[in-house]
Structures are given as structure tokens and as C-alpha cells.
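K.L.:
sequence unavailable; structure follows:
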């Protein structure tokens, strides 16, 4: 990823989260790692209208330019980059099915082999904490251990990847899995894949991700 193009690319992915139905208005946020820390979408701005000039640089100490307000959720972006060296981008969404499932405080179990795309045999739901707090960041980072995506109780989903495109695509996959799981639950109790079956899927997906 060209460093000079990163603000424009963050803005582009933010706009696409709206176009693809992952976010509405000012909900959600997107970031990409930078040499000084990370670049993140601003607070309280409609995602569909963001441009490169709106993207806020933030240091790993949480310092941003005085005239710019980073997303209120900057803490868990910072902590994801600190905890997961492979993470180059983060997409957080308030997508309909992920929100619905998170409000049940349920994660996504091994009902489908594509769950392995998130890095494990399930997709966890992080415990609830108030948005924008360090407590929420701690819950998210805990739920992401060994994973590249999680749900967030009564909130939405978060996904990270080796590029902005990879993070966006994983967020889309997780939203689709939440939709499939909720629909399957309406018809009965989904049959879960065994640990051995998921281990085989994980092995096949070992290198199945987009890189920079």
C-alpha cells in the first residue's frame, strides 16, 4: 500500500462500507496502519461523503491533530494494531445481521466451514462495554485472540486484515455468515461441524487471505 495513497484508500473503503450495506450514515469506522500509528475515519461524519482530507492520523499514544477528531472508537483500532502485528487495516461495522446476533450476545459457531475465514473454529462475541471506552477495547482484543474478526455485544462487528481490501472482504463474509446462521436458527438448530472438520477447513484456509 502506497503511504501517500493511504488516506484516500481509507476514505474509499469507508464509503464502500455504506454502499455495500455494512454501515449507515456515521456508523462504523475504518482504519489503516501507518508508520506513526494509524489513519482512521473521523468522529460523527457520514461515511459516504468522506475524502482523503477527512482521514485522521493518530499515533499509538492516541495523539491526533488538535483540529481533527478521530472516531470515538480509536482505542480498539490502536490496540488491535499493537496486539496483532499482521493487522494492516481494521473495519468496524454496524451491519444488520451482525448487530442482530450481537444483541443476542451470541457468536457464530461452526455451522459452516466459511467460519474458518475468521481464523478459528468459531467467531466470538466480545463482552459488552460502552462505546469509545478502553473497557470495550479490552473486550474486543480478548475476543480476537486467535481470530481476525469478532462480534461486539449489542454493537456490531470488527474485522482486521493484511490490507484494507482484506479487512473489508472479511467484514462482508462475517455479515453474510451472521445472516445465514440467524436464518438457519429460524428453521431449527443448525448442525455444527466437528472440531476435526473445522480443523481441516482451517488448514485449507491457512493461506487463504488477501495480502498487500
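P.N.:
Thanks, I have the structure now. What you are looking at is a predicted structure, and each value in this text was computed from that prediction instead of being measured. Numbers count the residues shown, from 1 in each chain.

K.L.:
give me the neighbour count for residue 9.
P.N.:
20 (other Cβ atoms under 10 Å). (C-beta placed from N, C-alpha, C; glycine too.)

K.L.:
wait, what's in contact with residue 147?
P.N.:
118-120, 123-124 (Cβ atoms under 8 Å, 6 or more residues apart in numbering).

K.L.:
residue 178: which of those is nearest?
P.N.:
residue 123 (8.4 Å; Cβ to Cβ).

K.L.:
what residues are up against that closest one?
P.N.:
Here residue 123 is in contact with 107-108, 115, 147, 149-151, 174, 177 (Cβ under 8 Å, 6+ apart).

K.L.:
and with 6 Å instead?
P.N.:
107-108, 149 (Cβ atoms under 6 Å, 6 or more residues apart in numbering).

K.L.:
try residue 78
P.N.:
residue 60.

K.L.:
go again with 7 Å.
P.N.:
38, 58, 60, 62 (Cβ atoms under 7 Å, 6 or more residues apart in numbering).

K.L.:
what's the answer for residue 190, then?
P.N.:
The neighbourhood of residue 190, defined by Cβ under 7 Å, 6+ apart, consists of 111, 181, 184.

K.L.:
so what pLDDT did it get?
P.N.:
We have a pLDDT of 97 for residue 190.

K.L.:
TSV for the contacts of residue 147, including secondary structure?
P.N.:
Listed next are the contacts of residue 147 as TSV, based on DSSP: H, G, I helix; E, B strand; the rest coil:
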residue	secondary structure
118	helix
119	coil
120	coil
123	strand
124	coil
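
K.L.:
and those residues, which two are furthest apart?
P.N.:
The largest separation in the contacts of residue 147, counting by Cβ to Cβ, is between 119 and 124 at 10.6 Å.

K.L.:
which among the contacts of residue 78 end up buried?
P.N.:
Neighbour counting with 16 or more other Cβ atoms under 10 Å marks 38, 58 as buried within the contacts of residue 78.

K.L.:
which ones among the contacts of residue 78 map onto strands?
P.N.:
38, 58 (DSSP state E).

K.L.:
from the contacts of residue 78, pick the one nearest residue 101.
P.N.:
Lowest distance from residue 101 to the contacts of residue 78 (Cβ to Cβ) belongs to residue 38, with 27.4 Å.

K.L.:
need the helices for the chain, in chain order.
P.N.:
6-19, 74-83, 96-103, 134-143, 164-187, 195-204 (DSSP state H).

K.L.:
starting at the chain centroid, how far to the helix or strand of the chain with the lowest mean pLDDT?
P.N.:
For the chain, scoring each helix and strand by mean pLDDT, DSSP states H and E identifies helix 195-204 as the least confident one, at a mean of 94. Distance, stretch centre to chain centre, for helix 195-204: 23 Å (Cα atoms, centre = their mean, to the nearest Å).

K.L.:
likewise for stretch 124-140?
P.N.:
Its chain's average C-alpha position is 13 Å from that of stretch 124-140, according to Cα atoms, centre = their mean.

K.L.:
please point out which parts of it sit buried.
P.N.:
Quick answer for stretch 124-140 (16+ other Cβ under 10 Å): 124-129, 136-140.
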